[in-house]
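Colleague: The sequence and its predicted three-dimensional model are supplied below.
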Amino acid sequence: MEPGKNQRLFKDKPIKVLLAKPGIDGHDRGMFVLAKAFRDAGMDVIYAGLLPTPEEVVDTAVNEDVDVIALSLLNGAHLTVFKKVVDLMTKRGIDDIAVVGGGTIPDEDKPKLEKMGISGNYGPGTPLSVIIEHITERAIEARKKKLGIQ
């Protein structure tokens, strides 16, 4: 994280991330690895559990006042399920929560997800430091929107 004013954004309230695997995907070992890495990096982490609906993901994100929703799927339904989450957020006028993706996402699908506003889209083997840096950058953007800072 950049020193100075960006650190002040998280002085009293650390970055808060919701980890979610919406849709039918029971492979959650990677989520626990991410949760530990994010906590070790000083973030607050909420895990939505297995099989939350897109509606439950968005409701939890809003109710818990998260900065970032980190979605993950290994079942190939990312274009459909991740889109549902983003569509619900758009419908509800939520633009101050960042959405990042990950899982087994083919390279040709990554630009489609980026166009939807879902960044990162990291796969297995991505260094945790890269993911943490990306989450931090997106959290800074989200927190600035929440606080009305340019």
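Modeller: Yes, it's here.

Colleague: and N6, what pLDDT?
Modeller: pLDDT, N6: 64.

Colleague: burial count for D65?
Modeller: Around D65 there are 12 other residues, counting by other C-beta atoms under 10 Å. Every residue, glycine included, has its C-beta placed from N, CA and C.

Colleague: nope, P106 is what I was after
Modeller: 12.

Colleague: which element is S72 on?
Modeller: Element membership of S72, judged by DSSP states H and E, is strand 68-73.

Colleague: if you go through this protein in chain order, where are the strands?
Modeller: Secondary structure of the chain (DSSP state E): strands at 16-21, 44-50, 68-73, 98-103, 118-122.

Colleague: What are the neighbouring residues in contact with the spatially most central residue of the chain?
Modeller: Centroid-nearest residue in the chain: A70, 2.3 Å away (criterion: C-alpha atoms, centre = their mean). Contacts for A70 (C-beta atoms under 8 Å, 6 or more residues apart in numbering) come out as 17-20, 34, 100-102, 120, 135.

Colleague: Ok, T80 next?
Modeller: G23.

Colleague: Relative to E64, how far out is it?
Modeller: Per C-beta to C-beta, to the nearest Å, T80 is found 24 Å from E64.

Colleague: And R39, by the same measure?
Modeller: 15 Å.

Colleague: got it, and A48?
Modeller: Taken as C-beta to C-beta, the span from A48 to E64 is 10 Å.

Colleague: next one: L73
Modeller: Counting by C-beta to C-beta, the gap from L73 to E64 is 21 Å.
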